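[1] Sequence unavailable; structure follows:
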């Protein structure tokens with residue numbers, strides 16, 4: 001039997017840090033207490049990944065609030081369109097999440113990859129868009145994210161859907177790498193042509 005549940009009933013949702021309150025301005029004499037990677041919206045992709053190479057580092061004037069830091073297994077969601085969500089891995093754990101995003105900390109009874117697949121689906125994104133329809137700003141609040149209705153099949157079906165989503169994401173990552181290599185190969189070819197003129 002399929003259960004419908006609000007996201008807030010199966011996860012704790014934590015809003016991101018307002019970065020202007022914690023970012024050190026060395027030119028104005030702020031002391032740097034620590035440096036952290038930041039999960040900016042650009043580094044969260046619809047295939048459920050958070051790309052560590054796209055994460056900038058920020059010097060902080062105060063120690064980061066541990067509630068605003070990522071832990072492996074968390075999901076970070078963009079609060080503005082296109083509302084993509086990415087899974088935090090060991091590589092992206094310990095980063096600070098800005099106020100443009102929220103951290104979703106799941107309860108044990110939910111398959112992380114299943115929820116990640118749902119959050120990146122058009123079904124979920126349609127719900128999120130309806131939450132802000134008619135509003136001047138298309139930025140979601142943490143409460144609106146928590147109000148999303150999530151279908152929960154059996155844990156076995158959740159795992160099957162989650163596995164399928166991860167396999168698709170892996171294939172997309174390979175295709176992106178192949179495409180990047182082909183573009184680089186063309187660049188080298190053209191540089192060699194011009195060099196030999």
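    Yep, it's here. Here the structure is a predicted model, which means the values were calculated and not measured.

[2] list the contacts for the residue most central in space within the chain?
    The chain has residue 86 as the residue nearest its centroid, 3.3 Å off, counting by Cα atoms, centre = their mean. Neighbouring residues of residue 86 by Cβ atoms under 8 Å, 6 or more residues apart in numbering: 39, 43-45, 48-50, 75-76, 92, 116. No exception for glycine: its C-beta is placed from N, CA and C like everyone else's.

[3] Would you mind giving the secondary structure of residue 150?
    Judged by DSSP: H, G, I helix; E, B strand; the rest coil, the three-state class of residue 150 is strand.

[4] Show me the shaky parts of the chain.
    Low-confidence regions of the chain, defined by pLDDT under 70, span residues 1, 133-137.

[5] packing partners for the host helix or strand of residue 179?
    Element membership of residue 179 [criterion: DSSP states H and E] is helix 155-195. Packed against helix 155-195 by the contact rule (3 or more Cβ pairs under 8 Å, 6 or more residues apart in numbering; DSSP states H and E) you find helix 112-119.

[6] Go again with 10 Å.
    strand 85-87, helix 112-119 (3 or more Cβ pairs under 10 Å, 6 or more residues apart in numbering; DSSP states H and E).

[7] Give me the angle between that helix and helix 112-119.
    Calculated by axes from the mean of the first three to the mean of the last three Cα atoms, to 10 degrees, helix 155-195 forms an angle of 70 degrees with helix 112-119.
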